[in-house]
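Enquirer: here is my input; please provide its structure:
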Amino acid sequence: KIQPAGRRPGDEVPAVLCLDGWDEVTEGKDELFEGLRKFAAAWDGRLVLTTRAVGYGDCPLFERQLGDRREWRICAFSETDSGRFIDRFFAADRQAAQDLLHQVRSRQAIADFASNPLLGTLLCLAVRLDPEVTRGAQPLRRADLYKRVLEGLLGRWPRQRRGMPVAEAPRPWATLAEKIRDLMGLYAAIAEAFFPARQFASIALGDVVQAYLAARPQAAPLCRHFAAIGDQPLQHALCDLNLIEAAGGDAYTFPLRTLQEYLVAHYWAAKPEGEQRRLVDRLCWDPGHEEVILLFAGQIPRPTWLLPLLADPAKDDILHHRTILAALCLPEMAPPVDAREDEERTRAAASITEVIVDRSMMEVRVETFEKHYTRGLPALAAVDSLYQERNIKEWLTSKLRLDNPAKDRADGFKLVAHCGAAVLVPEQCQLL
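Expert: This next block holds a predicted model:
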């Protein structure tokens with residue numbers, strides 16, 4: 001419907017038309033493309049089309065290489081980029097920057113959270129509002145980080161940014177904490193209902209919300225809140241709360257898949273342990289649920305039962321998928337609450353470490369298998385797991401000693417390379 005307009009008298013450069021949201025077009029993409037193609041052919045200017053990477057694969061503007069087309073992609077941050085971003089964000093607080101950089105460089109999972117400007121901003125906001133999370137003796141866990149981010153998006157951050165104290169929430173909730181708890185439960189139910197799909201239809205979203213509210217007393221603050229919105233559709237009210245957005249047409253989506261995965265894990269964590277065991281046992285084979293299980297491990301109070309369930313030799317396969325997943329869960333778990341749990345977790349971790357290290361030292365001719373076996377090593381090193389009754393870092397250091405046979409040194413070098421920064425200590429650097 002927009003007619004092309006050429007260069008106007010006095011213009012030094014042609015005009016630029018910017019169109020955003022190709023990934024949000026769910027219907028009529030072919031017709032839209034044909035309109036854009038004709039428009040571009042008659043346009044004496046530049047046409048810029050922007051899109052998220054998700055949903056971009058079927059964009060014909062570049063697939064058909066029509067005319068002078070150039071495609072640009074915003075790359076993920078490198079480690080240097082992440083460091084610069086954090087330094088600039090905390091320009092007035094050098095200690096906070098150093099503490100966060102230490103966490104990012106020592107844990108790959110936290111480094112992934114700082115892999116682009118949006119996630120990096122959420123990470124820095126969470127730390128700025130609660131700087132003690134990076135200054136404690138315990139490493140920063142993703143479950144804690146996502147919890148703070150979601151609490152911020154659901155109400156804490158806007159009040160903080162306005163310089164207001166976090167006080168009582170608007171009615172019908174008595175406190176802001178209660179409001180955030182109720183909304184987190186609702187969004188978790190929505191996330192679980194549609195996962196692993198990123199997008200969901202408006203009608204289906206409304207049905208999930210209505211069913212969730214119907215299962216609660218009408219006098220509950222959450223029910224009273226949605227009863228008071230009048231003629232506004234439930235979907236619009238949910239979008240106003242920051243965690244769901246319109247995706248074009250009649251579709252809605254979670255803006256970040258990582259937040260959806262955390263919310264599914266949050267939903268699981270509220271279930272009885274027996275149901276949790278059945279969910280994990282049934283879905284641990286699915287790569288799409290791996291992140292959910294890792295984040296779930298960080299949300300349950302006594303997660304030690306999770307390790308033997310996943311690493312059960314009678315249920316695992318020849319490639320030890322479940323045992324490797326158990327190893328990846330270890331750094332995500334909250335610290336043990338007592339000596340008994342500490343002992344149980346140490347024993348389970350040692351058993352997992354023995355399987356993974358032994359498999360990692362095998363002569364594997366297929367690179368894909370080697371990457372698969374060794375991807376649990378950084379997690380084991382991060383929690384100082386035991387191998388042959390020694391701290392795995394100390395054991396690896398002993399493998400690198402120059403008086404060892406060449407085969408032992410080669411095995412040690414390979415394992416240290418796969419562990420990365422999580423395992424390196426000064427003595428190992430000297431030996432390397």
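Enquirer: so where do the helices sit in the stretch 151-300 of the chain?
Expert: Remark: helices assigned in the stretch 151-300 of the chain by DSSP state H, counting those that start in this stretch are 157-161, 176-194, 202-214, 221-227, 234-240, 257-269, 273-283, 290-297.
Enquirer: I figured Pro255 hits Ala246, correct?
Expert: No. Applying CB atoms under 8 Å, one finds Pro255 not in contact with Ala246, separated by 10.5 Å. Placement of C-beta: from N, CA and C, glycine included.
Enquirer: need the residues touching each of the two.
Expert: Counting by CB atoms under 8 Å, 6 or more residues apart in numbering, no residue touches both Pro255 and Ala246.
Enquirer: export the helices of the stretch 151-300 of the chain to JSON lines and tack on mean pLDDT, distance to Leu123 and mean neighbour count?
Expert: Formatted as JSON lines, these follow (pLDDT from 0 to 100; distance: least, CB to CB, whole Å; neighbours: other CB atoms under 10 Å):
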{"stretch": "helix 157-161", "mean pLDDT": "57", "distance to Leu123": "13", "mean neighbour count": "15"}
{"stretch": "helix 176-194", "mean pLDDT": "91", "distance to Leu123": "19", "mean neighbour count": "20"}
{"stretch": "helix 202-214", "mean pLDDT": "89", "distance to Leu123": "28", "mean neighbour count": "15"}
{"stretch": "helix 221-227", "mean pLDDT": "86", "distance to Leu123": "29", "mean neighbour count": "16"}
{"stretch": "helix 234-240", "mean pLDDT": "72", "distance to Leu123": "24", "mean neighbour count": "15"}
{"stretch": "helix 257-269", "mean pLDDT": "93", "distance to Leu123": "11", "mean neighbour count": "23"}
{"stretch": "helix 273-283", "mean pLDDT": "95", "distance to Leu123": "27", "mean neighbour count": "14"}
{"stretch": "helix 290-297", "mean pLDDT": "94", "distance to Leu123": "15", "mean neighbour count": "24"}
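Enquirer: and these as JSON lines, adding distance to Arg37?
Expert: Formatted as JSON lines, the helices of the stretch 151-300 of the chain follow (distance: least, CB to CB, whole Å):
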{"stretch": "helix 157-161", "distance to Arg37": "42"}
{"stretch": "helix 176-194", "distance to Arg37": "34"}
{"stretch": "helix 202-214", "distance to Arg37": "30"}
{"stretch": "helix 221-227", "distance to Arg37": "44"}
{"stretch": "helix 234-240", "distance to Arg37": "32"}
{"stretch": "helix 257-269", "distance to Arg37": "31"}
{"stretch": "helix 273-283", "distance to Arg37": "44"}
{"stretch": "helix 290-297", "distance to Arg37": "39"}
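Enquirer: hang on, Leu402 packs against Gly412?
Expert: No. Using CB under 8 Å as the test, Leu402 is too far from Gly412 to be in contact (11.1 Å).
Enquirer: neighbour count: those two, which is higher?
Expert: In this view Leu402 and Gly412 are compared by other CB atoms under 10 Å, and Gly412 has more residues nearby, 22 against 6.
Enquirer: can you report how many residues neighbour Arg302?
Expert: 15.
Enquirer: do the same with the one 4 residues further on
Expert: By the criterion of other CB under 10 Å, Leu306 has 25 neighbours.
Enquirer: same check, this time on Cys18
Expert: The number of residues near Cys18, taken as other CB under 10 Å, comes to 9.
Enquirer: next one: the one 5 residues further on
Expert: Other residues lying near Asp23 total 20 when counted by other CB under 10 Å.
Enquirer: same check on Ser106?
Expert: 16.
Enquirer: I'd guessed it sits against Asp99; true?
Expert: No. With contact defined as CB under 8 Å, Ser106 does not count as touching Asp99 (11.1 Å).
Enquirer: circling back to that earlier point, let me know which of the helices of the stretch 151-300 of the chain is the nearest to Met362.
Expert: Closest to Met362 of the helices of the stretch 151-300 of the chain is helix 290-297 (CB to CB; 23.1 Å).
Enquirer: run the chain-centre distance for that closest one.
Expert: Distance of helix 290-297 from the chain centroid (CA atoms, centre = their mean, to the nearest Å) equals 10 Å.
Enquirer: please apply the same query to stretch 388-401.
Expert: 32 Å.
Enquirer: which residues does that stretch contact?
Expert: Contact partners of stretch 388-401, identified using CB under 8 Å, 6+ apart, comprise 350, 353-354, 357, 380-381, 384-387, 404, 408-409, 411-413, 415-416, 419, 423, 425, 427-428, 431-432.
Enquirer: ok, of the residues you listed, which come out buried?
Expert: Listed as buried from those are 350, 353, 357, 380-381, 385-387, 409, 411-413, 415-416, 419, 423, 428, 431; burial here means 16 or more other CB atoms under 10 Å.
Enquirer: next one, pLDDT for Leu47 please.
Expert: Looking at Leu47, its pLDDT reads 79.
Enquirer: and it, bridged to which residues?
Expert: With DSSP bridges as the criterion, Leu47 is bridged to Leu17.
Enquirer: neighbours of it, just the number please.
Expert: 16.
Enquirer: so it is in contact with Leu19, correct?
Expert: Yes. The pair Leu47 / Leu19 is scored as a contact, 7.3 Å apart, by CB under 8 Å.
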